[in-house]
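[1] Dropping a prediction and its sequence here:
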2 protein chains.
Amino acid sequence: MEEVEKWETQFKKGLIEALVMKAVIHQGKSYGYQLLVFLTEQGLEITEGTLYPLLNRMEKNGWLTSSWDMPENGGHPKRVYEPSPSSRENLKLIFARIDHYVGVYNNLRSL
Amino acid sequence: MEEVEKWETQFKKGLIEALVMKAVIHQGKSYGYQLLVFLTEQGLEITEGTLYPLLNRMEKNGWLTSSWDMPENGGHPKRVYEPSPSSRENLKLIFARIDHYVGVYNNLRSL
DNA sequence: TATTAATACTTTGTTATGCAAAGCATTCCG
DNA sequence: CGGAATGCTTTGCATAACAAAGTATTAATA
């Protein structure tokens, strides 16, 4: 099963994943806590227990790459994520699918 | 945990549930196969293995009531579903939450 | 200087979903 | 007759959201 198909199978439990991916692309290099704050500001309620395991999965699945950022002048080590080369193209496909579902939703809603 | 809250927890894997609920309300008395055809026409790809267990769960959780329709002049017995008294009000709340998520999505999408 | 809040990440266990796959039974149509 | 369409059920798999608890460090504040 191909990546995007696999994603779509899980979409109904995976809206969040697309939003996180977009946030990383938007913000460039990002780390977990920063994304947590950003996404919360955007109105998405998301907890640590959801986000951190999700970021790990997304790296495992090839959506993100990560490295450790060790600040020299003090500060907490941060795990920094970046979008993988293929992720931008994949996100476009995924957004098209979400748009499809939103379209179905709007049609049904207005019946 | 209250019904709508519980729903919202599961929303990201539960968009379909709201669409099915709306379909039943829209069509009045409905049975599984009919809903399957209707929702497919509306652009929602949904399979038997998803819909039938879902309808059972929705009845168990108080969203729907069901009865068996035994056609007199031949025909297959059909399990007929109807919206429960509280379901219309609940669906309004749920649609409000979906609209919220769609809003977050649209905001992020356009960044 | 204690103490608290904020920053930053991990792991475990619970509950639940979407769906492939297989099965069973009836009716309609060529 | 035989296959397609109608109509519902059940099992098993992969996976997600999140509560809860834990671990550390740094900044603020009393």
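    Sure thing, it's come through. Numbering: from 1, shown residues only, chains lettered A, B, ... in the order given.
[2] Please make it C-alpha for all contacts and neighbour counts, starting now.
    Will do.
[3] Please state the backbone phi and psi of A:Trp68?
    With angles defined as degrees, to the nearest 10, A:Trp68 sits at phi -90, psi 130.
[4] Next one: it relative to DNA strand C, how far apart?
    8 Å (Cα to the nearest atom of the strand, to the nearest Å).
[5] Now do the contacts for that residue.
    A:77-80 (Cα atoms under 8 Å, 6 or more residues apart in numbering or on different chains).
[6] can I get those residues in a markdown table with distance to A:Asn56?
    Formatted as a markdown table, those follow (distance: Cα to Cα, whole Å):
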| residue | distance to A:Asn56 |
| --- | --- |
| A:Pro77 | 16 |
| A:Lys78 | 14 |
| A:Arg79 | 10 |
| A:Val80 | 11 |
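[7] any idea which of those is closest to chain B?
    Distance to chain B across the contacts of A:Trp68 (Cα to the nearest Cα) is lowest for A:Val80, with 20.5 Å.
[8] Hmm, A:Gly28 and that closest one touching each other?
    No - with contact defined as Cα atoms under 8 Å, A:Val80 does not count as touching A:Gly28 (9.8 Å).
[9] Comparing those two, which residue is more hemmed in?
    A:Val80 (17 against 13; other Cα atoms under 10 Å in any protein chain shown).
[10] hmm, the biggest helix by length in chain A in reach of DNA strand C?
    Identified as the longest helix of chain A according to DSSP state H is helix A:87-109. No - taking Cα under 7 Å from any atom of the strand as the criterion, helix A:87-109 and DNA strand C are apart, separated by no less than 11.6 Å.
[11] Enumerate every residue touching A:Leu64.
    A:55, A:58, A:81-84, A:87.
[12] what's the closest of those to A:Asp69?
    Of all these, A:Asp69 sits closest to A:Tyr81, with 9.9 Å by Cα to Cα.
[13] does that closest one sit in a helix, a strand or a coil?
    For A:Tyr81, the secondary structure call by DSSP: H, G, I helix; E, B strand; the rest coil comes out as strand.
[14] if I look at it, how far off is A:Glu48?
    Applying Cα to Cα, to the nearest Å, the value for A:Tyr81 to A:Glu48 is 16 Å.
[15] More neighbours: which of the two?
    Applying other Cα under 10 Å to A:Tyr81 and A:Glu48 shows that A:Tyr81 carries more neighbours, namely 24 against 11.
[16] from what I can see that one touches A:Ala23, true?
    No - in terms of Cα under 8 Å, A:Tyr81 does not count as a neighbour of A:Ala23; the distance is 10.9 Å.
[17] Done for today, thanks.
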